[in-house]
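Colleague: Quick one, fold the following:
(one chain, ligands or ions: 2)
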Amino acid sequence: MAKVLSGAGLRGQVAGKTALSTVGKSGSGLTYRGYDIKDLANTCEFEEVAYLILKGNLPTASELADYKASLKNMRGLPDSLKEVLERIPADAHPMDVLRTGCSFLGNIEGEADFDQQQNVTDRMLAVFPSIICYWYRFSHDGVRIDVETNDDSIGGHFLHMLHGEAPKALFEKVMHVSLILYAEHEFNASTFTARVCASTLSDIHSCITGAIGSLRGPLHGGANEAAMDMIEKFKSADQAEEELMGMLARKDKIMGFGHAIYSESDPRNDIIKGWSEKLAAEVGDDVLYPVSVRCEEVMWREKKLFCNADFFHASAYNFMNIPTKLFTPIFVMSRLTGWAAHVMEQREDNRIIRPSAEYTGEEYRDVPPINAR
Ligand SMILES: CC(=O)SCCNC(=O)CCNC(=O)[C@H](O)C(C)(C)COP(=O)(O)OP(=O)(O)OC[C@H]1O[C@@H](n2cnc3c(N)ncnc32)[C@H](O)[C@@H]1OP(=O)(O)O
Ligand SMILES: O=C([O-])CC(=O)C(=O)O
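Modeller: Ligands and ions are numbered 1, 2, ... in the order given. As a prediction, this is how the structure comes out:
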């Protein structure tokens, strides 16, 4: 059954056209350029899906090899950007670090012309993991890491820089899946931010910087971090149930549940949940995964609310020893593809986005002199 889409928040209103993805077309489905998310997550590497989203078609083996090689060559950080990152304190939020990093990149490697949009996007795709990890390791461990590693994938590059050693094959695989699941989602809040900015014919770094800001909030991408903050407090599945019942009675928002478009399930959840279970077995977890499963059962039983893409990402990332504050930046590393493709699509057939407002303020009135107010 489709969700009733009407009311506040522009819900259900068509705000433009896209050929990039369908969300909830049959209640719960998700496709990128016509391909089912399950097939993409089962069979592809993230770089293949990034290529699909950004360039329009799945790459051949040689196109993929060339694409990965060119991304690998773009991992380096300019000295001036390193200096900026070194000045950001350890207690800053990494989403703010990434927002600043992206914005600064727009100053030193700006998009001089729209015909550079593909190259500039590829550069951001390659360098965002470097920005996050360089700042994180410098501010937390006091080391200046080498960001130009030889890792085969974006996810592997990220984990290698973060942990100072090449990741296990399973962890790299899960990063591929995670980045694929997060890559694109039609007119969600952060993508819409990017498109509004693009519609003024602004540069792509401005569009992406704004989108990072929108993704940061806990009602959107920030929910994976918020979900982790919640589940790590529960020491057993029974405690999770008890606490959750209390939260529901107090009408608290439970992060990682519900969706603006999907009505019965988020197709990304089953996929990341399956990988979270495998990771739990790999690392010998017997608390966090059962706690997460119990939360899912209670929320469905009590409220018919289902896990969205963010909920089981929390445990999956935790099992890979990724600090909670870096969860949403990983979302950025992936969603950048969707944002950039939407910017390009907006530019192709542009009209400035400028809706109207229903006025609810005062009737017309005269300005009283200052001494009469
Ligand atoms: C990748 C992503 O961005 S996915 C989304 C990530 N965000 C979260 O996980 C945050 C928690 N979830 C939410 O806040 C919401 O479900 C949103 C923002 C995702 C969608 O918001 P909406 O479309 O406005 O929600 P919807 O119309 O389905 O809400 C219906 C009712 O369920 C409630 N509800 C929805 N989600 C939740 C939740 N997670 N916990 C508790 N109650 C909820 C709403 O408060 C609303 O109750 P009301 O009718 O008494 O006001
Ligand atoms: O579509 C939305 O509103 C939020 C979401 O799931 C996403 O951006 O991945």
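
Colleague: Look up how far residue 246 lies from residue 326.
Modeller: Using CB to CB, to the nearest Å, residue 326 is found at 29 Å from residue 246. (C-beta placed from N, C-alpha, C; glycine too.)

Colleague: swap that for residue 19, please
Modeller: Counting by CB to CB, the gap from residue 19 to residue 246 is 46 Å.

Colleague: Near ligand 1, which residues of the stretch 151-300 of the chain are found?
Modeller: Counting by CB under 6 Å from any ligand atom, the stretch 151-300 of the chain comes close to ligand 1 at 219-221, 223, 253-260.

Colleague: try 8 Å
Modeller: By CB under 8 Å from any ligand atom, the residues of the stretch 151-300 of the chain that approach ligand 1 are 182, 185, 188-189, 215, 218-224, 226-227, 248, 251-261, 266, 299.

Colleague: Report the contact partners of residue 265.
Modeller: By CB atoms under 8 Å, 6 or more residues apart in numbering, the contact set of residue 265 is 28, 306.

Colleague: Assign it to helix, strand or coil.
Modeller: The three-state assignment at residue 265 reads coil, by DSSP: H, G, I helix; E, B strand; the rest coil.

Colleague: Could you tell me how many residues sit around the closest residue to residue 221 other than its chain neighbours?
Modeller: Excluding its sequence neighbours, the residue lying closest to residue 221 (CB to CB, 6 or more residues apart in numbering) is residue 215, at 3.8 Å. Residue 215 has 26 neighbours, counted by other CB atoms under 10 Å.

Colleague: before we move on, what about the one 10 residues further on?
Modeller: Counted with other CB under 10 Å, the neighbours of residue 225 add up to 27.

Colleague: Nearest residue to it in space, please, no chain neighbours.
Modeller: residue 327 (4.7 Å).

Colleague: Now do the buried residues in whatever helix or strand the one you found lives in.
Modeller: For residue 327, the host element (DSSP states H and E) is helix 327-348. By neighbour count on 16 or more other CB atoms under 10 Å, the buried set for helix 327-348 is 327-347.

Colleague: Compare residue 326 and residue 246 (neighbour count), which wins?
Modeller: Per other CB under 10 Å, whichever of residue 326 and residue 246 has more neighbours is residue 326, with 19 against 10.

Colleague: Pull the number of nearby residues for the closest residue to that one other than its chain neighbours.
Modeller: In space, and not counting its chain neighbours, residue 326 is closest to residue 94: 5.6 Å by CB to CB, 6+ apart. Neighbours of residue 94 under the rule other CB under 10 Å: 25.

Colleague: what's the spacing between residue 94 and residue 8?
Modeller: Counting by CB to CB, the separation of residue 94 from residue 8 is 31 Å.

Colleague: before we move on, what about residue 130?
Modeller: 40 Å.

Colleague: Looking at those two, which one has more neighbours?
Modeller: In this view residue 130 and residue 8 are compared by other CB under 10 Å, and residue 130 has more residues nearby, 25 against 5.

Colleague: report the angle between the axes of the strand or helix carrying the more buried one and helix 327-348?
Modeller: If you go by DSSP H and E, residue 130 is part of helix 117-141. If you take axes from the mean of the first three to the mean of the last three CA atoms, to 10 degrees, helix 117-141 sits at 160 degrees to helix 327-348.

Colleague: Can you tell me the closest non-neighbouring residue to the residue in the chain that ligand 1 sits nearest to?
Modeller: Proximity of the chain to ligand 1 (CB to the nearest ligand atom) peaks at residue 258, 2.4 Å away. With sequence-adjacent residues excluded and distances taken as CB to CB, 6+ apart, residue 258 is closest to residue 305, at 4.9 Å.

Colleague: one step back: buried only: go through the residues of the stretch 151-300 of the chain next to ligand 1 for me.
Modeller: The neighbour-count test (16+ other CB under 10 Å) marks 182, 185, 188-189, 215, 218, 220-224, 226-227, 254-261, 266, 299 as buried among those.

Colleague: now, which of those lie within helices?
Modeller: 182, 189, 215, 223-224, 226-227, 299 (DSSP state H).

Colleague: got the residues of the stretch 1-150 of the chain near ligand 1?
Modeller: So far as CB under 8 Å from any ligand atom goes, the stretch 1-150 of the chain lies against ligand 1 at 3, 7-9, 11.
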